[in-house]
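Student: take this sequence and fold it.
(one chain, ligands or ions: 3)
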Amino acid sequence: MNKPPTHNKKLKDWVSKMARLCNPDNIIWIDGSDTQKQLLEREAIAGAEIIRLNQEKLPSCFLHRTAPDDVARTEHLTYICTRRKLDAGPTNNWMAPKAAYQKAAAIFKNSMVGRTMYVIPFSMGPVGSSFSKIGVELTDSRYVVLNMLIMTRVGEAVLRQLEEEDNFTKCLHSKAQLDINKRLILHFPEDNTIWSVGSGYGGNVLLGKKCLSLRIASFIARKEYWLAEHMLIMGIEEPNGHIEYIVAAFPSACGKTNLAMLIPPEGLKRKGYRIWTVGDDIAWMRVDSDGSLWAINPETGFFGVAVGTNSKSNPTMVKVIQKNTIYTNVLLKPDQTVWWEGADGEVPTQGIDWMGRPWKPGIKDVNGKLILAAHPNSRFTAPITNCPSASFRLEQHHGVPISAIIFGGRRQHLAPLVYETFNWQHGVFVGATMASERTAAQVGKLGEVRRDPMAMFPFCGYNMADYFKHWLNMGKRMAKPPKIFHVNWFRTDQEGNFLWPGFGENLRILEWILDRCNNKVGANKTAIGFVPKAGDIDMTGLELNQGAMEKLFEVRNQDWIGELKGIKKFFEQFKRDLPRELWQEYKELLVRLESK
Ligand code: GTP
Ligand code: SPV
Ligand code: MN
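Tutor: Residues are numbered from 1 along each chain as shown. Ligands and ions are numbered 1, 2, ... in the order given. Modelled structure (predicted):
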């Protein structure tokens, strides 16, 4: 054991107590130094936890493979453990804290025998900023340590902060047996504690991410009057140097990472826009003394989807992941580089697949199903400082001022490409009724609509009815609340082809959004909100099929009346807790839809 680099008695006592439960052979405090990181890398390689990749082509890059049944967040094993069930609400799994601690302790007990327990003090947000929160994660996984070193701030400054900080999030993680039947992701917001056991996959085990920065943080944010959201943050700079920042909430795998680092399309190059990436997954937002909403990205890295990432879909990210990157569940090529479905370059003729088996293109399993080289949820972990468009304001304690909030989902038919809500309350209604359709790639009924309010359905750490109330209240605390918009990049034609090319072309829509924020353009009023007037979206250099624009902006009142049925059902589960303002918006929308 290295000496605890802290005098914080509460911290030292908690580490000892958890060590008595898990019984590791050794305890190592993580100090954020390069020497220690390199030692961990060597040990992880020796222990076959990671593979060093081709150091010429991919310097300081590694590959990790998870267990085949441990490849994504397990929402059915994720719980909010509040004393009262009502405080977790109808959309969360709930367990009473006492029962939850007991159940998990039985799995944690002696789980670290023969292993080392690593103590990772980390900060979400720049140390010392009024936005930031400190956490300490205990883990028996070197992979977790190496990922946390990329995703969070670890080191001297955090330890100094911890000297006087009693209020840190206590995060305990053990791989234990990696047994799906003994896997639990537990949140105790009333104790500022997270216990995760039996998994080795990203969102389940990098406890600073979804567990702390969304579930625990959303609970704290409500008490402290701020917002913890599943949102990207980006800046759009005009040639005169003026930068406007926006945040956008899309459900998992609906395009946050892509939008946050888009490359302006050829046709708009003459306008000289420059994009600044602040974050791709999480935004913490506060009302500042100027009455506006300011945001930071609490993370320092990307944990992005690998499959589909290439020089066309996301050229910026392709540059980011050439060094200091940990790849998870992708194909290993014979030259010790990596590949995934939808990667650049030729399909390799052979390799080792994400499960560690020899792979050739076209091979099938016993059921005749094509064997994939990479898992569809394969990921990369890379530092944001690798990003050519990384914002120069990442370390600023104030964050960035937000002009617009964008909600979005995958809707083949219903929602127009973009619309603006009438006001904050209507915007909250639009966020609260967000939905996304399953694609053919997902298990479940094709096209099935899943409600995902503010893209927070799996991540809200308390009763979502109270979360909606909190959003309504936040609007009243702002002198200049951002305008709220809704986008849908995924509308299709009869044959199921996307009507809108998306990706970099989305900047055309962001341009209209900013013009609306700055009162530069008019709009057409529809029952659901304001849509662009013909000609107000700059289409220079972009040729769409005839009639595509009309289809993209079509609002069919009958379809929306149908949609209201699903919304009503969703709202009803919150019973009397649902803010009456949302029912009011519901009724007013119905009246508008029926009156046309
Ligand atoms: P999480 O990391 O899971 O939270 O996901 P994310 O929201 O960051 O999603 P990501 O950017 O990784 O995109 C996921 C998928 O959406 C990829 O398959 C992309 O190709 C696709 N996608 C992203 N932007 C667009 C777009 O503008 N149009 C279309 N048609 N597809 C897009
Ligand atoms: C998501 O699922 O929204 C992710 C990946 O960003 S994970 O960190 O695993 O939650
Ligand atoms: Mn996400």
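Student: ligand 3 versus the residue in the stretch 301-450 of the chain positioned nearest to ligand 2, what's the distance?
Tutor: Distance from ligand 2 to each residue of the stretch 301-450 of the chain (C-beta to the nearest ligand atom) is smallest for Phe303, at 5.0 Å. C-beta coordinates here come from the backbone N, C-alpha and C atoms, glycine included. Distance, Phe303 to ligand 3, by C-beta to the ion, to the nearest Å: 8 Å.
Student: and that residue, that's in a strand?
Tutor: Yes: under DSSP: H, G, I helix; E, B strand; the rest coil, Phe303 sits within a strand.
Student: who's it bridged to?
Tutor: In this entry, Phe303 is beta-bridged to Thr381, by DSSP bridges.
Student: contact partners for the spatially most central residue of the chain?
Tutor: Nearest residue to the geometric centre of the chain (C-alpha atoms, centre = their mean): Asp281, 3.4 Å. By C-beta atoms under 8 Å, 6 or more residues apart in numbering, Asp281 lies in contact with Lys209, His230, Met231, Leu232, Lys256, Thr257, Glu299, Phe302, Phe303.
Student: and the residues you listed, which is closest to Gln494?
Tutor: The shortest approach to Gln494 among the contacts of Asp281 belongs to Lys256, at 28.8 Å (C-beta to C-beta).
Student: chain neighbours aside, what residue packs nearest to the closest one?
Tutor: Leaving aside its sequence neighbours, Lys256 sits nearest to Leu232 (C-beta to C-beta, 6 or more residues apart in numbering; 4.2 Å).
Student: what's the answer for His397, then?
Tutor: Closest to His397 by C-beta to C-beta, 6+ apart is Ser129, at 3.6 Å.
Student: tell me how many other residues surround the residue of the chain found nearest ligand 1.
Tutor: Nearest residue of the chain to ligand 1: Gly502, at 2.4 Å (C-beta to the nearest ligand atom). Using other C-beta atoms under 10 Å, Gly502 has 17 other residues around it.
Student: for it, give me its contacts.
Tutor: Gly255, Trp489, Phe490.
Student: then Ala105?
Tutor: Going by C-beta under 8 Å, 6+ apart, Ala105 touches Leu21.
Student: from Tyr201, how far out is it?
Tutor: As judged by C-beta to C-beta, to the nearest Å, Ala105 and Tyr201 stand 22 Å apart.
Student: same question, Val430
Tutor: From Val430 across to Tyr201, the span is 32 Å (C-beta to C-beta).
Student: same question for Asp13.
Tutor: Noted for Asp13: a distance of 30 Å to Tyr201, by C-beta to C-beta.
Student: with Arg450 instead?
Tutor: Arg450 sits at a distance of 21 Å from Tyr201 (criterion: C-beta to C-beta).
Student: so for the two, which sits in the more crowded spot?
Tutor: A count of neighbours by other C-beta under 10 Å puts Tyr201 above the other of Arg450 and Tyr201, at 22 against 16.
Student: next one: phi and psi at the residue nearest to Arg270 when sequence neighbours are not counted?
Tutor: Using C-beta to C-beta, 6+ apart and skipping the chain neighbours, the partner closest in space to Arg270 is Thr540 (7.7 Å). Per-residue torsions, Thr540: phi -50, psi 130 (degrees, to the nearest 10).
Student: can you name the residues of the stretch 251-400 of the chain sitting close to ligand 2?
Tutor: Proximity of the stretch 251-400 of the chain to ligand 2 (C-beta under 6 Å from any ligand atom) is limited to residues Ser252, Asp281, Phe303.
Student: I'd say the last one and Tyr201 touch.
Tutor: No: judged on C-beta atoms under 8 Å, Phe303 makes no contact with Tyr201 at a distance of 10.6 Å.
Student: please identify the buried residues of stretch 510-529?
Tutor: 510-517, 521, 523, 526-529 (16 or more other C-beta atoms under 10 Å).
Student: in helices, which of the residues you listed appear?
Tutor: Judged by DSSP state H, helices contain the following of the buried residues of stretch 510-529: Leu510, Glu511, Trp512, Ile513, Leu514, Asp515, Arg516, Cys517.
Student: now the first one: how far from ligand 2?
Tutor: Right, the one you point to is Leu510. Leu510 sits 22 Å away from ligand 2 when distances are taken as C-beta to the nearest ligand atom, to the nearest Å.
Student: what about the nearest residue to that residue once chain neighbours are set aside, helix or strand, and which?
Tutor: With sequence-adjacent residues excluded and distances taken as C-beta to C-beta, 6+ apart, Leu510 is closest to Ile236, at 6.1 Å. Assigned by DSSP states H and E, Ile236 falls within strand 232-237.
Student: give me the residues contacting that strand.
Tutor: If you take C-beta under 8 Å, 6+ apart as the criterion, strand 232-237 is touched by 243-248, 250, 256-257, 259-262, 273-281, 283, 295-297, 391, 393, 400, 402, 507, 510-511, 514.
Student: dump the C-alpha coordinates for the next helix or strand after that strand into CSV.
Tutor: Next in sequence after strand 232-237, counting helices and strands by DSSP H and E, comes strand 243-249. Taking Å, rounded to 0.1, in the frame of the first residue of the first chain, the C-alpha atoms of strand 243-249 are listed here in CSV:
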residue,chain,number,x,y,z
ILE,A,243,-19.1,32.8,-30.5
GLU,A,244,-22.5,31.5,-29.6
TYR,A,245,-22.9,28.4,-27.5
ILE,A,246,-25.7,25.8,-27.6
VAL,A,247,-26.5,22.6,-25.8
ALA,A,248,-28.4,19.6,-27.3
ALA,A,249,-30.0,16.6,-25.7
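Student: could you confirm whether strand 243-249 reaches ligand 3?
Tutor: No: Strand 243-249 lies out of reach of ligand 3 by C-beta under 5 Å from the ion, never closer than 9.9 Å.
Student: doesn't Met539 fall inside a helix?
Tutor: No: residue state for Met539 (three-state DSSP) corresponds to coil; a helix is not indicated.
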